[in-house]
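# 3D, please:
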Amino acid sequence: MNKTALVVGASGIAGSNLATVLIDNGWEVHGLARKPQQDVPGVRPVAADLLDPANLEAALAGVAPTNVFITAWLRQDTEVENIRVNGAMVRNVLTALSPKKSVRHVALVTGLKHYLGPFEAYASAGTLPETPLREEQPRLPIENFYYAQEDEVYAAAARDGFSWNVHRPHTLIGKAVGNAMNMGTTLAVYASICKETGRPFQWPGSEAQWKGLSDVTDARQLARQLVWAADTPAAHNMAFNIVNGDVFRWQWLWGRLANWFGVEAAGFDGTIHPLEAAMQADQALWRDMAQRHGLVEADLGRLASAWHTDLDLGRPIEVMTDMARSRKLGFTGYQSTEESFFDLFAQLRDERLIP
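Numbering: from 1, shown residues only. Predicted structure coming up:
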């Protein structure tokens with residue numbers, strides 16, 4: 001059966017890795033973004049603004065996908081605006097495709113803020129869930145743009161008769177430039193600055209995160225689950241958590257990351273040291289490093305998302321994720337977290353994004 005994918009947000013961490021896996025599995029792939037990148041061979045770029053229905057309809061005029069993978073979002077100043085903007089993005093793309101009657105399945109990528117709360121109330125008193133996080137846990141009684149995105153998918157599925165999945169990764173580890181949530185690259189940039197200046201590689205987060213169990217999601221692992229679920233009818237019409245499949249403690253991993261860069265690791269010392277504050281004066285330093293080391297991206301803000309890394313590493317609870325639902329249905333993907341970071345660091349160095 002013909003399988004044609006539209007990857008919405010194809011330039012991001014999730015979308016670009018998904019596009020590669022789909023191509024490798026023989027899919028025809030269209031990659032939609034405001035400014036599509038051309039670095040994934042075989043992907044047909046679609047330039048469109050998800051908030052402009054007329055522009056979106058015109059851009060998709062010649063595209064009739066069987067599967068839609070939605071990995072895009074835009075950060076706004078308030079959760080009310082996050083709901084308005086990100087809900088509209090999902091609604092607009094599915095509305096533009098509705099007359100074609102080609103879509104058989106839609107996958108939406110959200111994340112663990114489904115359980116931990118939105119940016120304005122992230123992992124705060126009154127919203128802390130039991131861990132490990134499980135898909136059957138109810139929505140929190142607060143506004144959350146992930147819920148708005150889900151509701152748009154459910155409404156369109158009822159209208160057009162397609163099946164759906166929601167995929168909830170933990171912190172995504174993978175390469176993307178200009179991404180708003182990018183812990184792996186943020187830590188790589190921070191370690192590179194530490195090496196350049198002789199600063200210690202200081203743990204920035206909470207004691208609970210330093211000592212507690214955690215997990216993350218390699219973007220390649222997310223892509224594997226997305227393709228598996230799309231191809232597995234028994235898995236349709238449900239939500240799945242997706243993480244690497246191992247657990248770790250940051251107090252174990254932090255020194256290993258430091259060793260990769262040859263810098264001194266400094267652990268939790270009783271105080272949170274936010275990366276956003278530690279790196280706020282490093283723009284000029286990074287521009288100088290880029291010039292001296294021949295790096296291809298001199299804008300620190302396009303590589304590091306310190307604010308989001310601070311959110312993740314500053315949480316007051318340990319966070320790990322249960323994957324029993326997809327395991328029971330046959331998803332066997334696994335990824336070593338240590339290798340997730342090391343593979344990313346090597347890729348960033350090979351592509352001259354870090355020295």
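
# Would you confirm that Ala19 contacts Val40?
Yes - using CB atoms under 8 Å, Ala19 is in contact with Val40, at 4.8 Å. For glycine as for every other residue, the C-beta is placed from the backbone atoms N, C-alpha and C.

# out of the two, which sits in the busier spot?
Ala19 (28 against 21; other CB atoms under 10 Å).

# Which strands and helices lie in contact with the host helix or strand of that one?
Taking DSSP states H and E as the criterion, Ala19 maps to helix 13-24. Where contact means 3 or more CB pairs under 8 Å, 6 or more residues apart in numbering; DSSP states H and E, helix 13-24 is packed against strand 4-8, strand 28-33, helix 219-230.

# Throw the ones you listed into CSV and include distance to Leu140, mean pLDDT and mean neighbour count, thanks.
Shown next, in CSV, are those (distance: least, CB to CB, whole Å; pLDDT from 0 to 100; neighbours: other CB atoms under 10 Å):
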stretch, distance to Leu140, mean pLDDT, mean neighbour count
strand 4-8, 25, 98, 27
strand 28-33, 30, 96, 24
helix 219-230, 23, 98, 24
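
# And those: which comes nearest Asp151?
strand 4-8 (16.9 Å; CB to CB).

# okay, and the common contacts of Ala19 and Val40?
By CB atoms under 8 Å, 6 or more residues apart in numbering, Ala19 and Val40 have these common neighbours: 10, 31.

# ok, Asn124 - how many residues close by?
Residue 124: Ser, not Asn. Neighbour count for Ser124, taken as other CB under 10 Å: 13.

# What residue, apart from its backbone neighbours, is nearest it spatially?
Spatial nearest neighbour of Ser124, chain neighbours left out: Gly117 (6.5 Å); criterion: CB to CB, 6 or more residues apart in numbering.

# now swap in Glu338 and tell me
Closest residue to Glu338 apart from its sequence neighbours, by CB to CB, 6+ apart: Arg256 at 6.2 Å.

# Run a quick check on the one you found versus Thr337, I expect a contact.
No - at 10.1 Å, Arg256 and Thr337 do not qualify as touching, with contact defined as CB under 8 Å.

# And the pLDDT at Gly178?
Note on Gly178: pLDDT of 79.

# do you know how far the closest residue to it other than its chain neighbours is from Thr185?
Of all residues not flanking Gly178 in the chain, Arg302 sits nearest, at 4.8 Å (CB to CB, 6+ apart). Applying CB to CB, to the nearest Å, the value for Arg302 to Thr185 is 10 Å.

# and the two? which has more neighbours close in?
Remark: of Arg302 and Thr185, Thr185 carries more neighbours, 27 against 15, as counted by other CB under 10 Å.

# give me the element the more buried one is part of.
Using DSSP H and E, Thr185 maps to helix 183-197.

# Flag every buried residue along that helix.
183-196 (16 or more other CB atoms under 10 Å).

# between these, which is nearest Pro36?
Thr185 (20.2 Å).

# could you say what helices and strands whichever helix in the chain runs longest packs with?
Taking DSSP state H as the criterion, the chain has its longest helix at helix 79-97. Where contact means 3+ CB pairs under 8 Å, 6+ apart, helix 79-97 is packed against strand 4-8, helix 53-59, strand 67-70, helix 145-160.

# for it, what is the average pLDDT?
So the average pLDDT for helix 79-97 ends up being 97.

# Can you pull out the low-pLDDT segments for the protein?
The chain contains residues with pLDDT under 70 at 1, 123, 125-127, 180.

# if we can go back for a sec, what angle separates the helix holding Thr185 from helix 219-230?
Relative orientation of helix 183-197 versus helix 219-230 (axes from the mean of the first three to the mean of the last three CA atoms, to 10 degrees): 170 degrees.

# and helix 183-197, what does it pack onto?
Secondary-structure packing of helix 183-197 (3+ CB pairs under 8 Å, 6+ apart): strand 172-173, strand 201-202, helix 250-261, helix 275-279, helix 283-293, helix 306-313, helix 337-350.

# Tell me which of those approaches Trp210 most closely.
Closest to Trp210 of these is helix 250-261 (CB to CB; 5.2 Å).

# C-terminal to the closest one, which secondary structure element comes first?
Past helix 250-261, the next helix or strand by DSSP H and E is strand 265-266.

# which secondary structure elements does that next one contact?
Strand 265-266 makes packing contacts with strand 201-202, helix 250-261 when contacts are defined by 3+ CB pairs under 8 Å, 6+ apart.

# most tightly surrounded among these?
Among the helices and strands packed on strand 265-266, the stretch with the highest mean neighbour count (mean count of other CB atoms under 10 Å) is strand 201-202, at a mean of 20.

# residues near the closest residue to Leu172 other than its chain neighbours, how many?
Nearest residue to Leu172 in three dimensions, chain neighbours excluded: Ile13, at 4.9 Å (CB to CB, 6+ apart). Look at Ile13: counted by other CB under 10 Å, it has 27 neighbours.
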